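Q: pasting the sequence and the predicted model now:
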Amino acid sequence: MKQKIGRWFIPAVGGLAFIYLLVPIAYIFVFSFNDAGRTNLEWRGFTLSNWQNPCGAPAVCESLVHSLQVGTVATIVATALGTLIAIGLVRYKFRFRKLTDVLIILPLATPEVVLGASLLAQFLNLGWELGYTTIVIAHIVFCMSFVIVTVRARVSSLDPRLEEAAADLYASPRTAFWKVTFPLLLPGIVAAALLSFAMSFDDFIITNFNSGTFQTFPKFIYVAATRGIPAQANVIGSAMFILALLVVVIGQVISYRKKKQLENS
(Lines give C-alpha, C1' and ligand atoms only; values in the text may rest on other atoms or scores of the structure.)
Protein backbone atom coordinates (compact mmCIF):
# COMPACT_ATOMS: atom_id res chain seq x y z
CA MET A 1 0.00 0.00 0.00
CA LYS A 2 2.76 2.43 0.96
CA GLN A 3 4.66 1.63 -2.23
CA LYS A 4 1.55 2.32 -4.33
CA ILE A 5 1.04 5.67 -2.60
CA GLY A 6 4.71 6.56 -3.11
CA ARG A 7 4.48 5.79 -6.82
CA TRP A 8 1.90 8.48 -7.46
CA PHE A 9 2.52 10.84 -4.52
CA ILE A 10 6.11 11.82 -5.41
CA PRO A 11 5.37 12.43 -9.13
CA ALA A 12 2.23 14.38 -8.16
CA VAL A 13 4.14 16.62 -5.75
CA GLY A 14 6.91 17.09 -8.31
CA GLY A 15 4.37 17.98 -10.99
CA LEU A 16 2.68 20.52 -8.72
CA ALA A 17 6.07 22.07 -7.92
CA PHE A 18 6.86 22.44 -11.63
CA ILE A 19 3.44 23.96 -12.27
CA TYR A 20 4.01 26.40 -9.41
CA LEU A 21 7.34 27.44 -10.95
CA LEU A 22 6.13 27.66 -14.54
CA VAL A 23 2.80 29.46 -14.04
CA PRO A 24 4.42 32.95 -13.73
CA ILE A 25 6.53 32.26 -16.83
CA ALA A 26 3.46 31.11 -18.73
CA TYR A 27 1.61 34.25 -17.63
CA ILE A 28 4.44 36.48 -18.90
CA PHE A 29 4.55 34.62 -22.22
CA VAL A 30 0.78 34.69 -22.80
CA PHE A 31 0.43 38.37 -21.91
CA SER A 32 3.25 39.27 -24.28
CA PHE A 33 0.60 38.76 -26.99
CA ASN A 34 -1.93 40.94 -25.20
CA ASP A 35 -3.32 43.96 -27.02
CA ALA A 36 -2.70 46.02 -23.91
CA GLY A 37 -3.57 49.62 -23.34
CA ARG A 38 -2.03 51.63 -20.54
CA THR A 39 -1.71 48.50 -18.37
CA ASN A 40 -1.09 44.85 -19.15
CA LEU A 41 -3.13 43.36 -16.32
CA GLU A 42 -6.30 42.41 -18.22
CA TRP A 43 -6.59 40.38 -21.42
CA ARG A 44 -7.83 42.65 -24.21
CA GLY A 45 -7.17 40.52 -27.27
CA PHE A 46 -4.46 38.71 -29.21
CA THR A 47 -1.86 40.65 -31.18
CA LEU A 48 1.62 40.17 -32.62
CA SER A 49 2.47 43.86 -32.58
CA ASN A 50 4.35 43.58 -29.28
CA TRP A 51 6.73 40.98 -30.73
CA GLN A 52 7.05 42.92 -33.99
CA ASN A 53 8.03 46.07 -32.10
CA PRO A 54 9.61 45.02 -28.76
CA CYS A 55 11.12 48.50 -28.33
CA GLY A 56 7.76 50.22 -28.62
CA ALA A 57 7.63 51.16 -24.94
CA PRO A 58 9.85 54.08 -23.91
CA ALA A 59 13.23 53.11 -22.39
CA VAL A 60 12.54 49.36 -22.38
CA CYS A 61 15.25 48.44 -24.90
CA GLU A 62 17.65 51.01 -23.50
CA SER A 63 17.39 49.43 -20.06
CA LEU A 64 17.82 45.97 -21.60
CA VAL A 65 21.04 47.07 -23.34
CA HIS A 66 22.30 48.50 -20.04
CA SER A 67 21.65 45.19 -18.26
CA LEU A 68 23.39 43.23 -21.02
CA GLN A 69 26.40 45.54 -20.88
CA VAL A 70 26.67 45.34 -17.09
CA GLY A 71 26.13 41.57 -17.07
CA THR A 72 28.70 40.93 -19.79
CA VAL A 73 31.48 43.02 -18.22
CA ALA A 74 30.76 41.76 -14.70
CA THR A 75 30.69 38.15 -15.91
CA ILE A 76 33.99 38.40 -17.80
CA VAL A 77 35.85 40.02 -14.89
CA ALA A 78 34.26 37.87 -12.19
CA THR A 79 34.86 34.65 -14.16
CA ALA A 80 38.51 35.47 -14.85
CA LEU A 81 39.33 36.50 -11.28
CA GLY A 82 37.16 33.81 -9.70
CA THR A 83 38.76 31.04 -11.76
CA LEU A 84 42.27 32.13 -10.78
CA ILE A 85 41.30 32.35 -7.10
CA ALA A 86 39.62 28.94 -7.21
CA ILE A 87 42.72 27.31 -8.71
CA GLY A 88 44.93 29.00 -6.13
CA LEU A 89 42.75 27.89 -3.21
CA VAL A 90 42.79 24.25 -4.32
CA ARG A 91 46.37 23.90 -5.57
CA TYR A 92 48.32 25.97 -3.03
CA LYS A 93 48.55 26.07 0.73
CA PHE A 94 49.06 29.38 2.53
CA ARG A 95 48.37 31.07 5.83
CA PHE A 96 44.85 32.29 6.61
CA ARG A 97 43.41 29.90 4.05
CA LYS A 98 40.36 29.15 6.21
CA LEU A 99 39.81 32.88 6.73
CA THR A 100 39.88 33.29 2.96
CA ASP A 101 37.19 30.63 2.62
CA VAL A 102 35.00 32.54 5.07
CA LEU A 103 35.50 35.80 3.18
CA ILE A 104 34.54 34.10 -0.08
CA ILE A 105 31.32 32.69 1.36
CA LEU A 106 30.46 35.96 3.12
CA PRO A 107 28.91 37.71 0.07
CA LEU A 108 26.75 34.64 -0.53
CA ALA A 109 25.47 34.63 3.04
CA THR A 110 25.06 38.39 3.37
CA PRO A 111 21.56 39.74 2.62
CA GLU A 112 21.52 41.79 -0.56
CA VAL A 113 20.18 44.81 1.31
CA VAL A 114 23.20 44.78 3.63
CA LEU A 115 25.66 44.19 0.78
CA GLY A 116 24.11 46.88 -1.38
CA ALA A 117 24.06 49.43 1.44
CA SER A 118 27.68 48.62 2.37
CA LEU A 119 28.88 49.10 -1.19
CA LEU A 120 26.89 52.33 -1.45
CA ALA A 121 28.58 53.66 1.68
CA GLN A 122 32.01 52.83 0.26
CA PHE A 123 31.29 54.52 -3.05
CA LEU A 124 29.98 57.64 -1.31
CA ASN A 125 33.01 57.78 0.98
CA LEU A 126 35.27 57.58 -2.07
CA GLY A 127 33.31 60.35 -3.75
CA TRP A 128 32.39 58.24 -6.77
CA GLU A 129 29.40 59.14 -8.90
CA LEU A 130 26.82 56.38 -8.91
CA GLY A 131 26.18 54.85 -12.31
CA TYR A 132 27.49 52.24 -14.72
CA THR A 133 30.92 51.82 -13.07
CA THR A 134 29.59 51.39 -9.53
CA ILE A 135 27.02 48.85 -10.71
CA VAL A 136 29.68 46.79 -12.51
CA ILE A 137 31.95 46.82 -9.43
CA ALA A 138 29.06 45.83 -7.16
CA HIS A 139 28.06 42.97 -9.47
CA ILE A 140 31.63 41.71 -9.68
CA VAL A 141 31.77 41.54 -5.88
CA PHE A 142 28.88 39.10 -5.48
CA CYS A 143 29.37 37.27 -8.80
CA MET A 144 32.96 36.33 -7.91
CA SER A 145 31.79 34.24 -4.96
CA PHE A 146 29.50 32.18 -7.19
CA VAL A 147 32.31 31.67 -9.71
CA ILE A 148 34.84 30.65 -7.05
CA VAL A 149 32.49 28.11 -5.46
CA THR A 150 31.53 26.60 -8.82
CA VAL A 151 35.02 26.43 -10.36
CA ARG A 152 36.59 25.30 -7.09
CA ALA A 153 34.39 22.21 -7.07
CA ARG A 154 35.56 21.42 -10.60
CA VAL A 155 39.23 21.95 -9.74
CA SER A 156 38.92 19.69 -6.68
CA SER A 157 37.59 16.86 -8.87
CA LEU A 158 40.57 16.91 -11.27
CA ASP A 159 43.18 14.20 -11.04
CA PRO A 160 46.60 15.88 -10.47
CA ARG A 161 48.28 12.88 -12.08
CA LEU A 162 47.13 14.15 -15.48
CA GLU A 163 49.34 17.22 -15.16
CA GLU A 164 52.15 15.05 -13.83
CA ALA A 165 51.84 12.84 -16.90
CA ALA A 166 52.01 15.92 -19.11
CA ALA A 167 55.18 17.03 -17.29
CA ASP A 168 56.67 13.57 -17.82
CA LEU A 169 56.10 14.10 -21.54
CA TYR A 170 58.22 17.28 -21.33
CA ALA A 171 55.29 19.70 -21.40
CA SER A 172 55.99 23.05 -19.78
CA PRO A 173 53.68 24.20 -16.94
CA ARG A 174 52.00 26.64 -19.33
CA THR A 175 51.47 23.98 -21.99
CA ALA A 176 50.15 21.50 -19.42
CA PHE A 177 47.67 24.05 -18.15
CA TRP A 178 46.29 25.06 -21.54
CA LYS A 179 46.36 21.57 -23.09
CA VAL A 180 45.31 19.48 -20.09
CA THR A 181 43.94 21.47 -17.17
CA PHE A 182 42.00 24.20 -18.92
CA PRO A 183 39.93 21.90 -21.20
CA LEU A 184 38.94 19.89 -18.12
CA LEU A 185 38.02 23.07 -16.23
CA LEU A 186 36.11 24.60 -19.14
CA PRO A 187 32.68 23.04 -18.35
CA GLY A 188 32.88 24.38 -14.80
CA ILE A 189 34.05 27.79 -16.01
CA VAL A 190 31.22 28.01 -18.53
CA ALA A 191 28.68 27.00 -15.89
CA ALA A 192 30.08 29.61 -13.51
CA ALA A 193 29.96 32.29 -16.23
CA LEU A 194 26.34 31.49 -17.11
CA LEU A 195 25.36 31.57 -13.44
CA SER A 196 27.25 34.83 -12.96
CA PHE A 197 25.54 36.47 -15.93
CA ALA A 198 22.11 35.31 -14.79
CA MET A 199 22.69 36.68 -11.28
CA SER A 200 23.95 39.99 -12.64
CA PHE A 201 21.19 40.42 -15.21
CA ASP A 202 18.50 39.55 -12.68
CA ASP A 203 19.76 41.64 -9.75
CA PHE A 204 17.66 44.53 -8.53
CA ILE A 205 18.39 45.22 -4.84
CA ILE A 206 22.16 45.79 -5.05
CA THR A 207 21.71 47.58 -8.38
CA ASN A 208 19.07 49.90 -6.96
CA PHE A 209 21.43 50.96 -4.16
CA ASN A 210 24.37 51.71 -6.45
CA SER A 211 22.88 52.76 -9.78
CA GLY A 212 21.98 56.42 -9.31
CA THR A 213 20.04 57.45 -12.41
CA PHE A 214 21.44 54.57 -14.49
CA GLN A 215 18.54 52.24 -15.33
CA THR A 216 18.81 48.48 -15.85
CA PHE A 217 16.02 46.18 -16.99
CA PRO A 218 15.00 44.96 -13.48
CA LYS A 219 14.96 48.57 -12.30
CA PHE A 220 12.82 49.52 -15.30
CA ILE A 221 10.32 46.78 -14.38
CA TYR A 222 10.17 48.00 -10.79
CA VAL A 223 9.56 51.62 -11.79
CA ALA A 224 7.08 50.66 -14.51
CA ALA A 225 5.06 48.51 -12.08
CA THR A 226 3.69 51.66 -10.45
CA ARG A 227 2.02 52.76 -13.70
CA GLY A 228 1.64 49.41 -15.47
CA ILE A 229 4.31 47.18 -16.97
CA PRO A 230 4.19 47.41 -20.78
CA ALA A 231 3.62 44.30 -22.86
CA GLN A 232 7.03 44.83 -24.48
CA ALA A 233 8.63 43.95 -21.14
CA ASN A 234 6.80 40.62 -21.29
CA VAL A 235 8.19 40.11 -24.79
CA ILE A 236 11.76 40.70 -23.62
CA GLY A 237 11.28 38.47 -20.58
CA SER A 238 9.84 35.68 -22.74
CA ALA A 239 12.67 36.02 -25.26
CA MET A 240 15.29 35.83 -22.52
CA PHE A 241 13.65 32.69 -21.11
CA ILE A 242 13.52 31.04 -24.54
CA LEU A 243 17.16 31.96 -25.15
CA ALA A 244 18.24 30.50 -21.81
CA LEU A 245 16.23 27.35 -22.55
CA LEU A 246 17.93 26.98 -25.94
CA VAL A 247 21.37 27.34 -24.34
CA VAL A 248 20.56 24.56 -21.88
CA VAL A 249 19.14 22.27 -24.59
CA ILE A 250 22.12 22.86 -26.91
CA GLY A 251 24.51 22.17 -24.02
CA GLN A 252 22.74 18.91 -23.22
CA VAL A 253 22.77 17.83 -26.87
CA ILE A 254 26.50 18.54 -27.19
CA SER A 255 27.21 16.69 -23.94
CA TYR A 256 25.12 13.72 -25.09
CA ARG A 257 26.91 13.53 -28.44
CA LYS A 258 30.34 13.66 -26.79
CA LYS A 259 29.28 10.90 -24.41
CA LYS A 260 28.12 8.76 -27.31
CA GLN A 261 31.36 9.33 -29.19
CA LEU A 262 33.38 8.25 -26.16
CA GLU A 263 31.25 5.12 -25.77
CA ASN A 264 31.60 4.22 -29.45
CA SER A 265 35.37 4.77 -29.39
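A: Now that the structure is in, tell me what you want to look at. Residues are numbered from 1 along each chain as shown.

Q: buried stuff in the helix ranked longest in the chain?
A: Determined from DSSP state H, the single longest helix within the chain is helix 231-264. Within helix 231-264, the residues scored as buried using 16 or more other Cβ atoms under 10 Å are 231, 232, 233, 234, 235, 236, 237, 238, 240. Backbone N, C-alpha and C define where each C-beta goes, glycine included.

Q: residues touching the first one, list them.
A: Each residue near residue 231 by Cβ atoms under 8 Å, 6 or more residues apart in numbering is listed here: 31, 32, 33, 34, 36, 40, 50, 57.

Q: between which two of those is the distance greatest?
A: Farthest pair in the contacts of residue 231 (Cβ to Cβ) is 33 and 57. Separation: 15.1 Å.

Q: list the residues that contact residue 35.
A: 44, 45, 46, 47, 49.

Q: for this structure, what helix or strand is lowest in average pLDDT?
A: None of the helices or strands of the chain scores lower by mean pLDDT, DSSP states H and E than helix 160-168, at a mean of 81.

Q: distance check, the residue nearest the centre of the chain against residue 139.
A: What sits nearest the mean C-alpha location of the chain, by Cα atoms, centre = their mean, is residue 198, with 2.0 Å. Distance check for residue 198 against residue 139: by Cβ to Cβ, to the nearest Å, it reads 12 Å.

Q: give me the distance from the least confident helix or strand of the chain to the chain's centre.
A: Chain-centre distance of helix 160-168: 34 Å, with Cα atoms, centre = their mean, to the nearest Å.

Q: check stretch 36-52 too.
A: 29 Å.

Q: now do the buried residues in that stretch.
A: Applying a neighbour-count criterion of 16+ other Cβ under 10 Å, one finds 36, 40, 50 buried in stretch 36-52.
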